[in-house]
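> the following comprises the amino acid sequence and a computationally predicted model.
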Amino acid sequence: MNFVAENIAEIEEKIQRAVEKSGRKREDVLLIAVSKTKPVDLIQKAVDCGLTSLGENKVQEVMEKYDHMEGVHWHLIGHLQTNKVKYIIDKVDMIHSVESLKLAQEINKRAAAQNKVMDVLVEVNVADEESKFGVKPEDVEDFIRQIAELAHIRVRGLMTVAPFVENPEENREVFCQMQQILIDIKGKNIDNIDMDVLSMGMTGDYEVAIEEGATMVRVGTGIFGQRDYGIK
Ligand SMILES: *Cc1c(COP(=O)(O)O)cnc(C)c1O
C-alpha cells in the first residue's frame, strides 16, 4: 500500500469512531482531500482510494489540475478574489469561502451566464480572528438573507477555518458554536437556502469537528504529508 492509501485508511478509522460517538453515520460526513501544492500523480492515489472530492485554496491550482483529473469534484476552499470567479465557475462544485456581498454577486452573475446554480457556503470567522476571512457570527443571518435572493447561488451551509491549536479539544467550543449558528439559521426557514452543510475540521482537529456536527472535513497534510512551499 502506498503512503497515501495508508494515511486514508487510518483517517477512515478515526472518522468512523467520531461519527459513532456523535450518533451519526459514515455517509453523513464527506472527507475532502485537500490537494493544494500536490502534484496530480499523488492526488490520483487518493482518488484511487475513492476520495473524489478535492479541495484547493487557489484558483490557479484548480485550473492547472482540472484537465488532468477525471471523475472528481473540486471544492474551492480558500479566499476567492472577485476577479477570479470567472475562471472557476464552470470547474468547481462548491465554493466554501463566500464572505462578501460583492463576491456573492459576482458568483451569481457568472453562474447565470453558465445557466447553473452554484452551491456555496458562508465562511464564518467564528473565533473573530483579525487575520482570518469570514463573516462575524452576529452578522451571518443578515448576510445570508441578503445573498439568499441571488437566484444563481444556493447557500448550502457554513464553513470555518478554526484557529491553529496544539490540542484539538481547544477548538471544540468553536465547532459547537458553528453548529449552533447553523441550527439557528435553519430554524428561520429562509427561502432559497438549505442549511445542511457544515464544513469544518482539518488534519489537526477533524475528529472533534465531526463530534460537534461537521458534515464536511477538509484534510490535506494528514493524507498527502507536509506541504513544501519552496523558498520564496
Ligand atoms: C490547507 C487547508 C486545509 C487543510 O489543512 P491541513 O491542516 O493540511 O489538513 C483545510 N481548509 C483550508 C481552507 C485550507 O486552506
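Arrived safely.
> who are the contact partners of the residue lying closest to G204 once chain neighbours are set aside?
If the residues on either side of it in the chain are set aside, G204 comes closest to P168, at 5.8 Å by C-beta to C-beta, 6 or more residues apart in numbering. C-betas here are computed from N, CA, C, even on glycine. Under the criterion of C-beta atoms under 8 Å, 6 or more residues apart in numbering, the neighbours of P168 are G204, D205, E207, V208.
> buried ones among these?
Among the contacts of P168, those classed as buried by neighbour count (16 or more other C-beta atoms under 10 Å) are G204, D205, E207, V208.
> who's in contact with the first one?
If I follow you right, that is G204. Taking C-beta under 8 Å, 6+ apart, we find G204 in contact with F164, V165, P168.
> what about it, which SS state?
Under the three-state scheme (DSSP: H, G, I helix; E, B strand; the rest coil), G204 adopts coil.
> what pLDDT is listed against it?
pLDDT, G204: 97.
> repeat that for the last one.
We note a pLDDT of 98 for V208 in this prediction.
> kindly report the same for E129.
pLDDT recorded at E129 is 84.
> list the contacts of it.
P163.
> and it, its phi and psi?
Per-residue torsions, E129: phi -90, psi 130 (degrees, to the nearest 10).
> how far away is it from A162?
In this structure, E129 and A162 are separated by 9 Å, where distance is defined by C-beta to C-beta, to the nearest Å.
> run through who's touching the longest helix anywhere in the chain.
Secondary structure assigned by DSSP state H gives helix 3-21 as the longest helix of the chain. Defining contact as C-beta under 8 Å, 6+ apart, one finds that helix 3-21 is touched by 1, 25-26, 28-29, 31, 42, 45-46, 48-49, 51, 206-208, 210-211, 217, 219, 222-225.
> just those: which are in helices?
Taking DSSP H as the definition of helices, the contacts of helix 3-21 contribute L42, K45, A46, D48, Y206, E207, V208, I210, E211, G222, I223, F224.
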